[in-house]
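Chemist: Okay, predicted coordinates and the sequence, questions at the end:
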Amino acid sequence: MRAKDIMIPVQDFLTPENTLKEAVILLKTARRGEAGVGVKGLPVLDADSRIIGMLSMRDILKAVFPFYMTMMDLGDFTWDGMLEDIARRSSQRKVREIMSKEVITVPADAPLMECIDRMLKHNIKRLPVITEEGRLTGMIYERDVFFVITKAMLN
Amino acid sequence: MTTMESSSFSFWAATLIFLSAYGLIISERIHKTIVAVFGAGVVLVLGILDQHEAFHMEELGIDWNVIFLLISMMLIINILRPTGIFEYIAIKSAKFARAEPFRILVVFSIITAVLSAFLDNVTTVLLITPVTLLIADALNVDPVPYLISCALASNIGGTATLIGDPPNIMIASKARLDFLAFIYHLTPVVIIIMACYIAAIKLIWGRRLVTTQELQQKILKMNERAAIKDSILLKKAMSVLVLVLIGFTLHSTLHLEPATIALFGAGLLLLLSKTQDPHHLLAEVEWPTIFFFIGLFVMVGAVVKVGLISWLSSQMLRLTQGNLFATSMLVLWFSAVASAIVDNIPYVATMNPLIIDMAQQIWPHETGLQLLQHADLMPIWWSLALGACLGGNATAIGASANVIVVGFAEKAGRPISFLRFMAYGVPITILSVAISTLYIWIRYYLIRF
């Protein structure tokens, strides 16, 4: 099996000019595939449907985490309401500022082992599948690859 | 004839390499460390300076005293840092200032200045600004005054001691001045400058920083003790640091160089820390800075050897007509202006041999310490230290600490423009250099104390 056989077509995506508020609304409502499972990350597309970034829940967590806290051990000196304040202040920031810009993709005809290779080496759970022209055609999720493994083992 | 040709080739080649390197460093098109290391490589390959001169000769080569003092202090701080002591100090001082925004600004400026006097300025700024930003967030006040004053105070405080700022380390090593000499001659003027600086920030920001009692409670409720992550290591590290500081104050009595004291302290602390992983502690040493110094020393050695520095020093003497007070003033103000534009490290690396050469021209019969520490030469060394360290405050690129806070401001979403930094930096620089001018004039030329 190859990437295109298990990928799920993309229905929901963001543009770089979306605000973070719009992004979280879409994250709340977006569903993938027929199963209608929620998603924890969305692709960011430019006007030509080329993928230029990924925005995940983790990226949003990073966006509201003040950079100065990464530099020193200040976790003990935070206060109740700090997260909510920063979250409110961040709601108008643009997706392009926050998204992960280094997107790891696979071509549609990549074997599944190549997909796992990308996922493990880059520690990602969502893998965009792109056409030869570089357009996004679908997404491969960790659990869909896992289903292939389960099937192989149980047969 | 051939020697004439080859020496003239060396002169122009060394000068050209030196000037191009300076130009590239100012333009920031290539990282300064790469410029310095490559420049040094070219100087050595062309044989302008040979490897023996570069690695083993005190007058021309790499100043290992500076290199090992820097590496050792960085190692000590790298071990001390994860203990949480710096977070503790910062939170404790914010509470000490009763969480009032302007009081915090003053207390943090003083803490930064004191820490900078003993640690590298950049390290101090990296340790203080994260807490500063947290507190500004808690009080909902503009972080920019805190960031700018942190950089300015670190540059002022760093001027106070031998180990406070790299220019002082370099001057001390070249002029063989000891730790106490810096305390005796520079610390008093730095204290005066700090006092005036605090009066100045009171005028600038005194009324502008306001918060509410409710927000202040957030800080007053913080428990600074939670910051201490490893109290056993902290005790060991503090003991070693105290030992090193005692060693510094006694180093000339003990006939030990500061680098020896610091290296011993770093070795001892590494042993006491029982680390199984010296690799990461060593990896965190600021190697780009260390190699910047190494490359610079070699390039400067080359222009000393070919006679460029000697020519420059004669020009300076002609300009001041051998008047040493005039020379002092020229060195002080020129250093301040130069350091506002160029990194003060290459500047001082160039000025050190220039001043020694000038001294040789004035007192041709003196040698060794009699020459380096000639009573009439001392005010010039202090002028160089004051000008080079304080001048860095004028612009956003004048000192590494400034570059760092400007970067932080941008990350915090409150960018500080080049001109805005100058609006505070230039008056503070003029104020502090003017105080230094009076100090040098009164202390060394008027009452000769």
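Modeler: Nice, I can see it.

Chemist: buried residues in whichever strand or helix holds residue B:297?
Modeler: If you go by DSSP states H and E, residue B:297 is part of helix B:287-305. Using 16 or more other CB atoms under 10 Å in any protein chain shown as the test for burial, helix B:287-305 gives B:289-305. Yep, even glycine has a C-beta here, placed from its N, CA and C like the rest.

Chemist: And for stretch B:223-235?
Modeler: Of the residues in stretch B:223-235, those buried (16+ other CB under 10 Å) are B:224, B:227-228, B:233-234.

Chemist: again, but for stretch B:191-210
Modeler: In stretch B:191-210, counting by 16+ other CB under 10 Å, buried: B:193-194, B:197-198, B:200-201, B:204-205, B:209.

Chemist: mean confidence score for it?
Modeler: The average pLDDT for stretch B:191-210 rounds to 94.

Chemist: Same question for stretch B:147-164.
Modeler: Taken as a whole, stretch B:147-164 has a mean pLDDT of 96.

Chemist: and that stretch, how far out from the chain's middle?
Modeler: Taking the mean of its C-alpha atoms, stretch B:147-164 sits 8 Å from the chain's own mean (CA atoms, centre = their mean, to the nearest Å).

Chemist: Now the element after the helix holding residue B:297, going C-ward?
Modeler: Heading C-terminal from helix B:287-305 (DSSP H and E), you reach helix B:308-320.

Chemist: Just list what the helix or strand just after that next one packs against, helices and strands only.
Modeler: As assigned by DSSP H and E, the chain's next helix or strand after helix B:308-320 is helix B:324-341. Applying 3 or more CB pairs under 8 Å, 6 or more residues apart in numbering or on different chains; DSSP states H and E, one finds that helix B:324-341 contacts helix B:308-320, helix B:344-362, helix B:378-391, helix B:418-440.

Chemist: What is the first one packed up against?
Modeler: Meaning helix B:308-320. On a contact count with 3+ CB pairs under 8 Å, 6+ apart, helix B:308-320 meets helix B:2-27, helix B:287-305, helix B:324-341, helix B:344-362.

Chemist: Using CSV, write out every CA atom in the shortest one.
Modeler: This means helix B:324-341. What follows is helix B:324-341 as a C-alpha-only set of coordinates in CSV (Å, rounded to 0.1, in the frame of the first residue of the first chain):
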residue,chain,number,x,y,z
LEU,B,324,49.3,63.3,28.6
PHE,B,325,46.1,64.9,29.9
ALA,B,326,45.1,65.7,26.4
THR,B,327,45.9,62.1,25.4
SER,B,328,43.8,60.8,28.3
MET,B,329,40.8,62.9,27.2
LEU,B,330,41.3,61.9,23.6
VAL,B,331,41.4,58.2,24.5
LEU,B,332,38.4,58.5,26.8
TRP,B,333,36.1,60.3,24.3
PHE,B,334,37.4,58.6,21.2
SER,B,335,37.0,55.2,22.9
ALA,B,336,33.4,56.1,23.8
VAL,B,337,32.5,57.1,20.2
ALA,B,338,34.4,54.1,18.7
SER,B,339,32.7,51.6,21.1
ALA,B,340,29.3,53.0,20.2
ILE,B,341,29.9,51.9,16.6
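
Chemist: Show me what the mean pLDDT comes to for that helix.
Modeler: Rounded mean pLDDT across helix B:324-341 is 93.

Chemist: Compute the inter-axis angle for that helix and helix B:418-440.
Modeler: For helix B:324-341 against helix B:418-440, the angle by axes from the mean of the first three to the mean of the last three CA atoms, to 10 degrees is 160 degrees.

Chemist: do you know how far the residue with the shortest distance to the centre of chain B is from chain A?
Modeler: Nearest residue to the geometric centre of chain B (CA atoms, centre = their mean): residue B:165, 2.2 Å. From residue B:165 across to chain A, the span is 22 Å (CB to the nearest CB, to the nearest Å).

Chemist: Any idea how many residues pack against the residue nearest to that residue when sequence neighbours are not counted?
Modeler: Excluding its sequence neighbours, the residue lying closest to residue B:165 (CB to CB, 6 or more residues apart in numbering or on different chains) is residue B:158, at 3.6 Å. By other CB atoms under 10 Å in any protein chain shown, 31 other residues sit near residue B:158.

Chemist: pretty sure residue B:158 is touching residue B:118, no?
Modeler: No - if you go by CB atoms under 8 Å, residue B:158 and residue B:118 don't touch, sitting 9.3 Å apart.

Chemist: shared neighbours, the two?
Modeler: Residues touching both residue B:158 and residue B:118 (CB atoms under 8 Å, 6 or more residues apart in numbering or on different chains) are residue B:164.

Chemist: Residue numbers of chain A in contact with chain B?
Modeler: Taking CB under 8 Å from any CB of the partner chain as the contact definition, chain A meets chain B at A:66-69, A:71-74, A:76-77, A:79, A:82.

Chemist: which of these tops the neighbour count?
Modeler: Neighbour tally across the residues of chain A next to chain B (other CB under 10 Å): the maximum, 25 neighbours, falls on residue A:77.

Chemist: if we can go back for a sec, quick check on the residue nearest to the centre of chain B: phi, psi?
Modeler: Residue B:165 adopts backbone torsions of phi -150, psi 140, taken as degrees, to the nearest 10.

Chemist: That one and residue B:386 touch, don't they?
Modeler: No - taking CB under 8 Å as the definition, residue B:165 is not a contact partner of residue B:386, at 10.7 Å.

Chemist: which parts of the stretch 301-449 of chain B sit against chain A?
Modeler: Residues of the stretch 301-449 of chain B found near chain A (CB under 8 Å from any CB) are B:408, B:411-412.

Chemist: can you put those in JSON lines and add distance to residue B:241?
Modeler: Shown next, in JSON lines, are these (distance: CB to CB, whole Å):
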{"residue": "B:408", "distance to residue B:241": "26"}
{"residue": "B:411", "distance to residue B:241": "30"}
{"residue": "B:412", "distance to residue B:241": "31"}
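
Chemist: now, which of the residues of chain A next to chain B lie within helices?
Modeler: Among the residues of chain A next to chain B, DSSP state H puts A:67-69, A:71, A:82 in helices.

Chemist: how far out from the middle of the chain is the one helix or strand residue B:88 maps to?
Modeler: Using DSSP H and E, residue B:88 sits within helix B:85-96. Mean-position distance between helix B:85-96 and its chain equals 24 Å (CA atoms, centre = their mean).

Chemist: Give me the buried stretch members for that helix, please.
Modeler: For helix B:85-96, the neighbour count (16+ other CB under 10 Å) marks B:85-95 as buried.

Chemist: can I assume residue B:257 is in contact with residue B:251?
Modeler: Yes - counting by CB under 8 Å, residue B:251 is a contact partner of residue B:257 at 6.8 Å.

Chemist: who's in contact with the helix holding residue B:297?
Modeler: With contact meaning CB under 8 Å, 6+ apart, helix B:287-305 is reached by B:10, B:14-15, B:17-18, B:21, B:31-33, B:35-40, B:43-44, B:48-49, B:53-54, B:57, B:59-63, B:66-67, B:70-71, B:166, B:309-310, B:345-346, B:349-350, B:353, B:357.
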